[in-house]
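Asks: got a sequence here, can you build the structure:
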Amino acid sequence: MNMIFETHAHYNDEAFQNDRDEIFAQFPGKRIGRAVNIASDLESIDECIALADRYPFMYCALGIHPSDSAPLTDELLAGIREKLKHPRVVAVGEIGLDYYWDTPDRSIQKHWFEEQLEMAREADLPLVIHSREAAQDTMQIMQKHRAQEIGGVIHCYSYSLELAREFVKMGFFIGIGGVVTFKNARKLKEVAAGIPIEHIVLETDSPYLAPVPFRGKRNSSLYLPYIAEAVAQIKGIETEEVIARTEENAERLYRIG
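Replies: Below is the predicted model:
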């Protein structure tokens, strides 16, 4: 039986400190098979490795989110580079640009995005890219660094169908989460309808962005079936097919069988 693959969550977040094990115990009943826990700041690097070591269904991605990139130094990045050798690490992320919060300075965000892109290339690991209100600069940096040779996913996709097709041409996957269930999410619904199922992966970004009917509450991978159903409805296919195809896609994305 195919299982739903959670491609992006933050279970090291304090939102889960009281009931993490209880949530994980419910995974099989909700057909959640595997999950990738994503680092975002320096502190979360070791937390993500520890979780992946502890739970057999868990993997991790290591990287520094653009909004947390100000404290980075070459020395700290060298430390992360060493940790990428850990057997449970399957990607570099989440990295990228965030002009919504617009801090730290854009030049700092760009610098560390570029450095971490090259770190992923050296480590031969795919990218988990965070891009918010920074479409043009994200694409420009990815093209400059030939990101199509590295591969990865545009997580929590929020841009146009036209741009999604450009990312797909580069071989990237598009991460679709709870926002696709929102009534006003016209753009993301267009993207889900307009790109091939072969390039879609499912994610929650837990504890953020819970789908309807849990919008505004703490998110968890237990709500992934709602996202799979929404994608199936938009594409006019069976939910089973969405689960099967996105599981295969996630395995290809993270290069795990």
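
Asks: can you mark which positions in stretch 73-80 are buried?
Replies: By 16 or more other CB atoms under 10 Å, the buried positions in stretch 73-80 come out as 77, 80. In short, each C-beta sits where N, CA and C put it, glycine included.

Asks: typed the wrong thing, it's stretch 153-173
Replies: 153-159, 163-165, 167-168, 170, 172-173.

Asks: same deal with stretch 15-31?
Replies: Neighbour-count burial for stretch 15-31 flags 15-16, 20, 23-24, 27 (criterion: 16+ other CB under 10 Å).

Asks: repeat for stretch 105-123
Replies: Within stretch 105-123, the residues scored as buried using 16+ other CB under 10 Å are 109-110, 112-113, 116-117, 119-121, 123.

Asks: and for stretch 201-220?
Replies: 201-207, 209-212, 219-220.

Asks: which pair of the residues you listed spans the longest distance?
Replies: Greatest spatial distance among those (CB to CB): Val201 and Val212, at 20.1 Å.

Asks: how about the helices of the stretch 101-250 of the chain, start to end?
Replies: Per DSSP state H, counting those that start in this stretch, the stretch 101-250 of the chain carries helices over the ranges 106-123, 135-144, 161-169, 186-194, 224-235, 239-254.

Asks: point me to the residue sitting farthest from the middle of this protein.
Replies: Distance from the C-alpha centroid of the chain, by CA atoms, centre = their mean, peaks at Glu75 (25.6 Å).

Asks: that residue falls within a strand, correct?
Replies: No - secondary structure assignment (DSSP: H, G, I helix; E, B strand; the rest coil) places Glu75 in helix, not in a strand.

Asks: what segments of the stretch 1-150 of the chain are strands?
Replies: Assigned by DSSP state E, counting those that start in this stretch, the stretch 1-150 of the chain shows strands spanning 4-9, 32-38, 58-62, 89-98, 127-132.

Asks: out of those strands, nearest to Glu248?
Replies: strand 4-9 (8.8 Å).

Asks: centre of the chain to that closest one, how far?
Replies: In this view, strand 4-9 has its centroid 8 Å away from the chain centroid, taken as CA atoms, centre = their mean, to the nearest Å.

Asks: what's it in contact with?
Replies: Defining contact as CB atoms under 8 Å, 6 or more residues apart in numbering, one finds that strand 4-9 is touched by 30-38, 94, 128, 153, 155-156, 175, 177, 201-206, 220-221, 224-225, 228, 243, 246-247, 250-251, 253-254.

Asks: redo that, cut-off 7 Å
Replies: Strand 4-9 is contacted from outside by 31-38, 128, 153, 155, 175, 201-206, 221, 224-225, 228, 243, 246-247, 250, 253, using CB atoms under 7 Å, 6 or more residues apart in numbering.

Asks: with stretch 174-190 instead?
Replies: Stretch 174-190 has contacts (CB under 7 Å, 6+ apart) with 7-8, 153-157, 160-161, 164, 167-168, 191-192, 195, 199-205, 209-212, 215, 219, 223, 226-227, 230-231, 234.

Asks: stretch 140-147 now?
Replies: 110, 113-114, 117-118, 127, 170.

Asks: if we go to 6 Å?
Replies: Applying CB atoms under 6 Å, 6 or more residues apart in numbering, the external contacts of stretch 140-147 come out as 113-114, 117.

Asks: including distance to Pro104 and pLDDT, could those residues go into JSON lines?
Replies: JSON lines is the format used below for these (distance: CB to CB, whole Å; pLDDT from 0 to 100):
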{"residue": "Phe113", "distance to Pro104": "12", "pLDDT": "98"}
{"residue": "Glu114", "distance to Pro104": "15", "pLDDT": "98"}
{"residue": "Leu117", "distance to Pro104": "18", "pLDDT": "98"}
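
Asks: any idea which of these is closest to Tyr100?
Replies: Closest to Tyr100, out of all of the contacts of stretch 140-147 and judged by CB to CB, is Phe113, at 15.2 Å.

Asks: in contact with the closest one, which residues?
Replies: Counting by CB under 6 Å, 6+ apart, Phe113 touches 95-97, 141.

Asks: can you list the residues you listed in CSV and add distance to Leu62, pLDDT and neighbour count?
Replies: What follows is these, written out as CSV (distance: CB to CB, whole Å; pLDDT from 0 to 100; neighbours: other CB atoms under 10 Å):
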residue, distance to Leu62, pLDDT, neighbour count
Ile95, 10, 98, 31
Gly96, 14, 98, 30
Leu97, 18, 98, 25
Ile141, 19, 98, 20
